[in-house]
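>>> Make a model of this:
(4 chains)
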Number of protein chains: 2
Amino acid sequence: MVDEPTPPGTVRPGGRTARVRAAVLRAAEDALVEHGFGGLDLGDLAQRAEVGRTTVYRRWGSTGALVADLLVDMAEQSLPRSRSGSLAEDLRANARLVQRTLADPRQGALFRAVIVAANGDPGTAEALRLFYRRRVEEWAPCVTEAVERGELPPGTDPFEVIRAVSAPLYYRMLTTAEPLDEPAADRAAAAAEAAARAGAYRRPEG
Amino acid sequence: MVDEPTPPGTVRPGGRTARVRAAVLRAAEDALVEHGFGGLDLGDLAQRAEVGRTTVYRRWGSTGALVADLLVDMAEQSLPRSRSGSLAEDLRANARLVQRTLADPRQGALFRAVIVAANGDPGTAEALRLFYRRRVEEWAPCVTEAVERGELPPGTDPFEVIRAVSAPLYYRMLTTAEPLDEPAADRAAAAAEAAARAGAYRRPEG
DNA sequence: CCCCTAATGGGACTCTCGTTCCGTTAGGAT
DNA sequence: ATCCTAACGGAACGAGAGTCCCATTAGGGG
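Below you'll find the model as predicted:
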């Protein structure tokens, strides 16, 4: 008889357990926004969430695992996306959504913190990848449709186009002090569209 | 008489002080590669560098300040860049240089670590910005020359074009598990070039 | 409604990080 | 070559993060 040890919170996921998780994740968001991932302290979190310190350590064990769980939670709540029928408009809407998110003091700090957290813990990194995969998948259809309409070359990789919109905004946030404003967003969208039209994102094989 | 307290290492910067700095910075690189910024411990660093623990704490005080100093050191040693005369080739050379750097186990880990470090300490963030400013400035001339040759629209922002080459590579590294290979580099260069030709990086005014 | 036990919570303990104190070493100016 | 003191290094100290033990609470099946 191998004694299969069930992780805490898995046998009775409802009721109090669920309330504790929600309170801790909410507190984690606040703490990440205020002090970043480096300043994340599970003891402090317990106080914020009005939950026993032991509980937090037992349920999550490390700050990385906690952020991974937070990312799972974030991935579940998806944003409404526009669907205007015009590739240029869709890409611009996406760029502006990303830009507003990163420029927002709370959301921006939160995103920076989870990216930091993912650099060091493989589990957190995997959760972050899943989060972005979902985000990209939500917006890929507008590219696929543009290909079908003949606006973009056949074989264009929809994921690459969507990522090309976000990339300059993230890069600007991480490596420069220049503001993440609407012109920057519009430029990112226009650049991605131009490159896509030129066939820069066609998949390797014909 | 205001007692102006001089920071340690500023009055006699040569000799032993310089040797200690070099040894600690080298040890810091190793530690960042092995454990990332989160695992950086000044005490451990002192052992690696065969230097007194007190010295490290007194000279740098925090992991963030130490990485800031490391970035100053990194910014001073510039890489040779190619100058082929063709915009497409120059951008591809730049893209491949960035790609090789990020894909290299040591360099890639180091870059991730310093980006993480810059998210949380304003001084480190400033040092990171200066580092990237230098890197971008080194490559901007090839864009400026392409504008002068009439290959790109007048008013094209050289910095934005160079950043557009790096952006997708960094974004890929941070948010996906897909490999940072040569095709990815070539795609980044081609996309930046196409967008630049289409005028996506013209400066707002005139 | 009752019971079993999963899950929580408090408190004591340990160990590591960072600080402080003070004696020792070595730059570099004269 | 000598001296002054900037800078280094060892050791003891204190605070705080993470672990362990066990008593208490509440979920949800019967």
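
>>> Is the closest residue to A:Gly38 other than its chain neighbours in a helix, a strand, or coil?
Counting by C-beta to C-beta, 6 or more residues apart in numbering or on different chains, A:Gly38 lies nearest to B:Gly120, which is 4.8 Å off, once chain neighbours are set aside. Heads up, the C-betas are built off the backbone N, CA and C, glycines and all. Three-state call for B:Gly120 (DSSP: H, G, I helix; E, B strand; the rest coil): coil.

>>> Can you list the low-confidence ranges for chain A?
A:1-5, A:205-206 (pLDDT under 70).

>>> Any residues of it in contact with DNA strand D? List them.
Contact residues, chain A versus DNA strand D (C-beta under 7 Å from any atom of the strand): A:12-17, A:41-44, A:53-54, A:57, A:61, A:63.

>>> Near DNA strand C, list only the ones from the residues you listed.
A:Arg12, A:Pro13, A:Arg16, A:Thr17, A:Arg53, A:Thr54.

>>> give me the element the last one is part of.
Spelled out, it's A:Thr54. helix A:53-59 (DSSP states H and E).

>>> that's a helix at A:Glu151, yeah?
No. Counting by three-state DSSP, A:Glu151 is not found in a helix; it is coil.

>>> A:Gly120 is in contact with B:Gly36, isn't it?
Yes. Using C-beta atoms under 8 Å, A:Gly120 is in contact with B:Gly36, at 4.4 Å.

>>> overlap in contacts of those two?
B:Val116 (C-beta atoms under 8 Å, 6 or more residues apart in numbering or on different chains).

>>> Residue in chain A with the shortest distance to DNA strand C?
A:Gly52 (2.6 Å; C-beta to the nearest atom of the strand).

>>> Now do that residue against A:Trp60, distance only.
13 Å (C-beta to C-beta, to the nearest Å).

>>> between the two, who's got more neighbours?
Higher neighbour count among A:Gly52 and A:Trp60: A:Trp60, with 23 against 11, using other C-beta atoms under 10 Å in any protein chain shown.

>>> I figured the more buried one was touching A:Leu70, is that so?
No. A:Trp60 is beyond contact range of A:Leu70, at 9.7 Å (criterion: C-beta under 8 Å).

>>> Could you name every residue contacting both of the two?
By C-beta under 8 Å, 6+ apart, no residue touches both A:Trp60 and A:Leu70.

>>> Mind telling me what element A:Val165 is part of?
Assigned by DSSP H and E, A:Val165 falls in helix A:158-175.

>>> Enumerate every residue touching A:Val143.
A:Leu87, A:Leu152, A:Thr156, A:Pro158, A:Val161, A:Ile162, A:Ala196.

>>> Need phi/psi at the last one.
By that I understand A:Ala196. Dihedral angles phi and psi of A:Ala196 (degrees, to the nearest 10) take the values phi -70, psi -40.

>>> if I look at it, how far off is A:Ala167?
13 Å.

>>> if we can go back for a sec, kindly reformat the contacts of A:Val143 as a markdown table containing neighbour count.
Formatted as a markdown table, these follow (neighbours: other C-beta atoms under 10 Å in any protein chain shown):
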| residue | neighbour count |
| --- | --- |
| A:Leu87 | 22 |
| A:Leu152 | 23 |
| A:Thr156 | 20 |
| A:Pro158 | 21 |
| A:Val161 | 28 |
| A:Ile162 | 26 |
| A:Ala196 | 29 |
